[in-house]
Structures are given as C-alpha cells and as structure tokens.
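*Asks:* I would like the atomic coordinates for the input below:
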Amino acid sequence: AYVELGNYEWAEEVLRLGIQWGQAVGGDATADLFRRLGHAHVIRDRHGQAIGLLRRALALGAAREDVLPLLARSFVARERFVAAAICVEEARSLGVDGEELEATHDRATEALGETWARFRAVVPASFGER
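*Replies:* Numbers count the residues shown, from 1 in each chain. Alright, predicted model coming up:
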C-alpha cells in the first residue's frame, strides 16, 4: 500500500521487516516480499538494487511472469542488454505482453543491433521446453 501511495521509504522498511521475519518461514510469501521490494526499487530507478532483489524473488519461487518484466526493465537501465532481451523473451513465452515490455525489448535489441538478430537466427529461444 505504501508503494501505491508513493511513500517508498516506509514501503521499503515494512518490506524489509517482512523479509527479515519471513526468512524463517520461507515459501511463497517471502518470494513475493522480495518481488515487491524489488518493484519499489524499480519505481525509484534504483535498478542496481532491484536486480538483486528480483533475482532473489525468482530463486525463492516468485511468479516469473510478475518478476521478469521488472527484471528486464532494470537490466536495460543498467545496460545489461542480453539479460534484458532474455527476460523479455521468457516473459513473452509465459504470456506476458504490454507496451512497456515491448519498449524494453526494443531498447535491448536496438542496443544489441544486428548481432542479436543473427544470434537468434542460429539459436532460437526455447523457454517452452522446460
């Protein structure tokens, strides 16, 4: 709620406390807390911090379709374009779409240039084959 209200400092503190207390329990709730804290950092353009939190959320089992678009956005902001493109491709394979995801993909693939297109021509994405 604090994130939605724009009170990011309070949101981050509440989420940090939740993560601290939730570490003993673990599970989906902790993964979602990491996702939410990562999202709060993305909103504030703190992408370096967001990447670690979002990756932790994925490791704990957070819904990939919720985390990957945020992670892709942060990767683009940190000029990690290959990672961003991979996140977008996987998010798409999970049925995620939207203008922001497409804009993230466009920024990443534009930065990678023709090399990315040649790479994908030889090595197609295979996210559906898990």
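*Asks:* State which helix of this structure is the longest.
*Replies:* Across the chain, the longest stretch assigned as helix under DSSP state H is helix 27-43.
*Asks:* That helix: which residues count as buried?
*Replies:* Neighbour-count burial for helix 27-43 flags 30-42 (criterion: 16 or more other C-beta atoms under 10 Å). Heads up, the C-betas are built off the backbone N, CA and C, glycines and all.
*Asks:* Nearest to Arg120 among those residues?
*Replies:* Closest approach to Arg120 among the buried residues of helix 27-43 (C-beta to C-beta): Val42, at 26.1 Å.
*Asks:* correct me, but the closest one touches Gln49?
*Replies:* No - using C-beta atoms under 8 Å, Val42 is not in contact with Gln49, being 9.3 Å away.
*Asks:* if I look at Val67, how far off is Ala121?
*Replies:* Val67 sits 28 Å away from Ala121, taking C-beta to C-beta, to the nearest Å as the criterion.
*Asks:* more neighbours, those two?
*Replies:* Val67 (24 against 8; other C-beta atoms under 10 Å).
*Asks:* How confident was the prediction at the more buried one?
*Replies:* Reading off the confidence values, Val67 has pLDDT 98.
*Asks:* Secondary structure element holding it?
*Replies:* Taking DSSP states H and E as the criterion, Val67 maps to helix 64-77.
*Asks:* Quick check: which helices or strands does that helix pack against?
*Replies:* The criterion is 3 or more C-beta pairs under 8 Å, 6 or more residues apart in numbering; DSSP states H and E, and the helices and strands that helix 64-77 contacts are helix 27-43, helix 47-59, helix 81-93, helix 99-112.
*Asks:* Can you say which of those helices is nearest to Glu12?
*Replies:* Minimum separation from Glu12 across the helices and strands packed on helix 64-77 (C-beta to C-beta) falls at helix 27-43, 5.7 Å.
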